[in-house]
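Colleague: Structure of the sequence below:
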Amino acid sequence: MKSAHSQKGMSVLSWLVVLSIVAFFASAAFKLLPHYLDYMALEKIVTSVETDRAAEVRSVGEFYSHVSKGMQVNSIRDLNMQEALKVKLENNEFHAHLKYEKREPLIENIDLVVRFDKEFRVRMP
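Modeller: Model (predicted):
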């Protein structure tokens, strides 16, 4: 059995290592979280076309207009909607493909990359 003197706990250097690892992951999480929140807001905007009766979206142009207004309300400004969202109208259904990538600098030339790719089938109201 070890003596009580040798069982003091972590040293100062050990604590610094643990704190630096926690700080690294916290920094990465705080840089990526806004992109995921924007993506979830975009998902809600696209799917709200089907449930929002007041919008009366009947064409692809109106669909883009609806999404653009939703982006303004949610303060999503750093995304080009025309490149990220492709919409087709087939058989009274909108086929929307949301696909884009965001890069966030981490350290020097190391970037964090998040890629979003989802297809939606939204019925006309």
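
Colleague: going forward, measure contacts and count neighbours with C-alpha atoms only.
Modeller: Noted.

Colleague: and stretch 114-125, which residues are buried?
Modeller: Taking 16 or more other C-alpha atoms under 10 Å as the neighbour-count basis, stretch 114-125 is seen to contain the buried residues Arg121, Val122, Arg123, Met124.

Colleague: so of these, which ones are in strands?
Modeller: With strands taken from DSSP state E, the overlap with these comprises Arg121, Val122, Arg123.

Colleague: Name the nearest of those residues relative to Val113.
Modeller: Minimum distance to Val113 across these is 26.7 Å, recorded for Arg121 (C-alpha to C-alpha).

Colleague: Lowest-confidence entry in the buried residues of stretch 114-125?
Modeller: The lowest pLDDT within these belongs to Met124, with 79.

Colleague: hang on, it packs against Glu93?
Modeller: Yes: counting by C-alpha atoms under 8 Å, Met124 sits close enough to Glu93 to count as a contact (5.8 Å).

Colleague: just the strands in the protein please.
Modeller: According to DSSP E, the chain carries its strands in the segments 85-90, 93-107, 110-123.

Colleague: Mind listing the strands the first one pairs with, and their directions?
Modeller: Each strand paired with strand 85-90, and its direction, by DSSP bridges: strand 93-107 (antiparallel).

Colleague: What are the buried residues along the strand it pairs with?
Modeller: Residues of strand 93-107 classed as buried under the neighbour-count rule (16+ other C-alpha under 10 Å) are Glu93, Phe94, His95, Ala96, His97, Leu98, Tyr100.

Colleague: possible to save the residues you listed as a markdown table with distance to Ser27 and pLDDT?
Modeller: Rendered in a markdown table, the data for those read as follows (distance: C-alpha to C-alpha, whole Å; pLDDT from 0 to 100):
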| residue | distance to Ser27 | pLDDT |
| --- | --- | --- |
| Glu93 | 41 | 91 |
| Phe94 | 38 | 93 |
| His95 | 36 | 95 |
| Ala96 | 33 | 95 |
| His97 | 31 | 96 |
| Leu98 | 27 | 96 |
| Tyr100 | 23 | 95 |
